[in-house]
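Trainee: What follows is a predicted structure for the sequence shown.
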Amino acid sequence: MEVRTHDDPAAWLEAVLPLLMLDEARHDLHLGLVHTLVHHPSIYPSKHLWSVEEAGTVVGAALQTPPHNLVLAQPVAEGANALLADAIGSAGIQLPGVVGGRPEAEAFAAAWCARSGDTARRVMGQGIYALTEVRGVPAAAGTPRTATPDDLELLAGWIQDFQDEVVPEELRSDPEERRRRLGTMLTSDEEGIRLWEADGQVVSLSGFGGPTPNGIRIGPVYTPPDLRGRGYATTLVADLSRRQLASGRRFCFLHTDLANATSNAIYRRIGYRRVCDSVVLAFERP
């Protein structure tokens, strides 16, 4: 086996796509991230892309957009992740952490820490959910609409509130990157933000983006604290998911914090099923 470094995101995707599509839901973050690198390169000015190959077949893969965590694929060859950890470390790259399916992320972390002397700390356990059909849910009062650039200031404030409330500090994006990402979403044909309005007021938001060959990721989902408990977010996510499926997508994906039992239950009620667990691990230097 050997590790290859790639400069071109499109070429990397072509090489690793068969591996990622072995489990599209598990790799929706990888597929969505490389879509951004290909089509909106200004959002992430820096990137690292790797594949692990054996006899001409890709058996492992990972990518990183510094300063964010390594995003790790599920390998199909024993030892691929250890080889990857050694190659990344030998290149002098200091990883802040890793995110991926729990078994592969934990295996990579063990190899990385054995080599570097770092320790791995669990930041968040996530559930990766997929939906193919929306169940009927009681509709909240109000109507949906698509966010426009005129909503940017409201959205930027709400996304900041969302990050402050539920996103661990290690996973938060900086304000400049967040505004670039929002600007792209508000003018894209493939990504965007849907809003729920009630009594003339915006009461909830749900993003959608990171398209994959057959699906799209839903999130973030946010309702201000004083407007919760009225079903706005549930109705909005159900409506958005239904629209995405009606547009021809086979799947909608969601990542949840497994510690938040309420949100996990809401998504299951809409029709999302948990397909695997993901974990975010931070590397801490001695």
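Mentor: Everything's here; your move. Numbers count the residues shown, from 1 in each chain.
Trainee: Let me know the secondary structure of the residue nearest to Gly89 when sequence neighbours are not counted.
Mentor: Spatial nearest neighbour of Gly89, excluding adjacent residues (Cβ to Cβ, 6 or more residues apart in numbering): Arg115 at 5.2 Å. C-beta coordinates here come from the backbone N, C-alpha and C atoms, glycine included. What DSSP: H, G, I helix; E, B strand; the rest coil gives for Arg115 is helix.
Trainee: Next: Ser278.
Mentor: Applying three-state DSSP: Ser278 is strand.
Trainee: Pretty sure it sits against His255.
Mentor: Yes - the pair formed by Ser278 and His255 meets the contact definition of Cβ atoms under 8 Å, at 6.9 Å.
Trainee: buried stuff in whichever helix or strand Tyr267 is part of?
Mentor: Using DSSP states H and E, Tyr267 falls within helix 261-270. Buried residues in helix 261-270, counted by 16 or more other Cβ atoms under 10 Å: 263-264, 266-268, 270.
Trainee: Span of stretch 129-142 from start to end?
Mentor: 26 Å (Cα to Cα, to the nearest Å).
Trainee: per-residue confidence averaged over it?
Mentor: Averaged across stretch 129-142, pLDDT comes to 94.
Trainee: Tell me the gap between it and the middle of its chain.
Mentor: Stretch 129-142 sits 21 Å away from the centroid of its parent chain (Cα atoms, centre = their mean, to the nearest Å).
Trainee: Buried residues, it. List them.
Mentor: Buried residues in stretch 129-142, counting neighbours by 16+ other Cβ under 10 Å, are found at 129-131, 134, 137, 140, 142.
Trainee: ok, so of those, who is nearest Met21?
Mentor: Here the nearest of these to Met21, counting by Cβ to Cβ, is Ala130; it sits at 13.9 Å.
Trainee: does the closest one really touch Phe253, like I thought?
Mentor: Yes - counting by Cβ under 8 Å, Ala130 does reach Phe253; the two are 5.6 Å apart.
Trainee: Just confirm Cys136 is within a strand.
Mentor: Careful, residue 136 is Gly and not Cys. No - secondary structure of Gly136 (three-state DSSP): coil, not part of a strand.
Trainee: hang on, the earlier thing: intersection of neighbour lists for Ala130 and Phe253?
Mentor: Common contacts of Ala130 and Phe253, defined by Cβ atoms under 8 Å, 6 or more residues apart in numbering, comprise 25, 215.
Trainee: Would you mind naming the residues that bridge with Val58?
Mentor: Using DSSP bridges, the bridge partners assigned to Val58 are Glu53.
Trainee: Can you name the residues that contact it?
Mentor: 15-16, 18-19, 51-52.
Trainee: so what pLDDT did the closest residue to Ala120 other than its chain neighbours get?
Mentor: Spatial nearest neighbour of Ala120, chain neighbours left out: Ala109 (4.1 Å); criterion: Cβ to Cβ, 6+ apart. According to the prediction, Ala109 has pLDDT 98.
Trainee: I'd like to know the phi and psi angles of the closest residue to Thr143 other than its chain neighbours, please.
Mentor: Spatial nearest neighbour of Thr143, chain neighbours left out: Glu197 (5.8 Å); criterion: Cβ to Cβ, 6+ apart. Dihedral angles of Glu197 (phi, psi; degrees, to the nearest 10) stand at phi -120, psi 140.
Trainee: Tell me how many other residues surround Glu197.
Mentor: Applying other Cβ atoms under 10 Å, we find 16 residues neighbouring Glu197.
Trainee: Can you give me the separation between the residue nearest to Pro138 when sequence neighbours are not counted and Arg115?
Mentor: Spatial nearest neighbour of Pro138, excluding adjacent residues (Cβ to Cβ, 6+ apart): Gly231 at 6.4 Å. Distance, Gly231 to Arg115, using Cβ to Cβ, to the nearest Å: 49 Å.
Trainee: what about the residue nearest to Ala120, is that helix, strand or coil?
Mentor: Classified using three-state DSSP, Ala109 is helix.
Trainee: So that it lines up with my notes, have the first residue be 389 from now on.
Mentor: Let's use 389 as the start, then, which means that last one is Ala497.
Trainee: Can you show me the helices along the protein?
Mentor: Here the chain has its helices, by DSSP state H, at 397-408, 416-427, 468-478, 490-504, 540-554, 563-574, 620-634, 649-658.
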